[in-house]
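1. Got a predicted structure here, sequence first:
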Amino acid sequence: MTTRLLPTCVNCAAIVAKATRVERGKFITVEGIEGVGKSTNIGFIREAIEARGLRVSTTREPGGTPMAEEIRGLLLDHGDEPVPNIVELLLMFAARALHVNNVIKPALDEGIWVICDRFTDTSRAYQGAGRGFPLSDINRLADWVHGDLQPDLTVLLDAPVETGIGRAGQRGEPDRIEKEKADFFARARECYLSLAAAEPERFAVVDANREKAAVRATIDAVINGILDEVLD
């Protein structure tokens, strides 16, 4: 009896790996001072991505996990004990470490697109420019907490400080950070715009001082642009 030998597939492992590999999801962050319409426009971004058949997850900072949400309460609630600026900064990054490791990275690895309401640019603008911490210190914490994880796209919703404060005041009782004075938010806004100017390939600056339909049209153009690049 003659034994027939099956052909050897020297690249079988590579072929299987390629066939089963999941394309990494995209990480989109939405930034801006208070009252620029982040929540509404995150909904628009989600709709645009889902319309192209992709899986999407929305989350927020500080927060996004059960323990990080508890930290959010410590950061934003009005308590009897003062919160020193250094404590605020470290709590933000503690919550972020939980968020990145337990929610954001796992979702991206599964091919899910993640839309995050605020990320490290908020710390640069609020705790950096707003509170006066050097950006070098904040960037060192960012390297430690999330390393090479950076947003693929950051949508910066920009509006004058008086517009943002006026809109935020209509939402109800302000939290501890929302109660800051206008000059705090002016410094934060200028920092955001400086960050966007330094990284134009990552940031899309959207004029949020317009009617909702006009803002949505701009956001749709931005999101569909990145979708076209990925899906082509």
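-> Great, that's in hand.
2. Distance of the residue lying closest to residue 187 once chain neighbours are set aside relative to residue 95?
-> Distances taken as Cβ to Cβ, 6 or more residues apart in numbering place residue 129 nearest to residue 187, at 4.3 Å, with adjacent residues excluded. Quick note: C-beta positions are derived from backbone N, CA and C, even for glycine. Shown here: residue 129 relative to residue 95, a distance of 20 Å by Cβ to Cβ, to the nearest Å.
3. Would you mind pulling up the elements that the helix ranked longest in the chain packs against?
-> If you go by DSSP state H, the chain has its longest helix at helix 212-231. Contacts defined by 3 or more Cβ pairs under 8 Å, 6 or more residues apart in numbering; DSSP states H and E place helix 212-231 against helix 38-50, strand 153-158, strand 203-207.
4. Now do the buried residues in stretch 145-163.
-> 145, 146, 151, 152, 153, 154, 155, 156, 157, 158, 159, 161 (16 or more other Cβ atoms under 10 Å).
5. go on, stretch 70-78?
-> In stretch 70-78, counting by 16+ other Cβ under 10 Å, buried: 71, 72, 74, 75, 76.
6. what does stretch 51-58 give?
-> Neighbour counts over stretch 51-58 (16+ other Cβ under 10 Å) mark 54, 56, 57, 58 as buried.
7. JSON lines for those residues, including distance to residue 104, secondary structure and pLDDT?
-> As requested, the buried residues of stretch 51-58 are exported to JSON lines (distance: Cβ to Cβ, whole Å; DSSP: H, G, I helix; E, B strand; the rest coil; pLDDT from 0 to 100):
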{"residue": "54", "distance to residue 104": "16", "secondary structure": "coil", "pLDDT": "97"}
{"residue": "56", "distance to residue 104": "13", "secondary structure": "strand", "pLDDT": "98"}
{"residue": "57", "distance to residue 104": "9", "secondary structure": "strand", "pLDDT": "98"}
{"residue": "58", "distance to residue 104": "11", "secondary structure": "strand", "pLDDT": "98"}
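8. ok, those vs residue 103, which is closest?
-> Taking Cβ to Cβ as the measure, residue 103 lies nearest residue 57 of these, at 7.9 Å.
9. okay, the buried residues of stretch 51-58 in TSV with distance to residue 227 next?
-> Shown next, in TSV, are the buried residues of stretch 51-58 (distance: Cβ to Cβ, whole Å):
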residue	distance to residue 227
54	8
56	11
57	16
58	17
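10. Which members of these are the farthest-apart pair?
-> Maximum pairwise distance among the buried residues of stretch 51-58 (Cβ to Cβ): 13.1 Å, between 54 and 58.
11. if we can go back for a sec, report the buried residues of the longest helix of the chain.
-> Neighbour count says helix 212-231 has 215, 216, 218, 219, 222, 223, 226, 227 buried, by 16+ other Cβ under 10 Å.
12. and what of stretch 103-111?
-> Residues of stretch 103-111 classed as buried: 103, 104, 107, 108 (neighbour count, 16+ other Cβ under 10 Å).
13. go on, stretch 181-190?
-> So for stretch 181-190, counting by 16+ other Cβ under 10 Å, buried means 184, 185, 186, 187, 188, 189.
14. I figured the third one was touching residue 161, is that so?
-> To tie it back to what came earlier, the one meant is residue 186. Yes - using Cβ atoms under 8 Å, residue 186 is in contact with residue 161, at 5.0 Å.
15. shaky segments in the protein?
-> 1-21 (pLDDT under 70).
16. which residues in it form helices?
-> Assigned helices in the chain, in chain order: 12-20, 38-50, 66-76, 85-99, 105-109, 120-122, 135-146, 161-168, 182-198, 212-231 (criterion: DSSP H).
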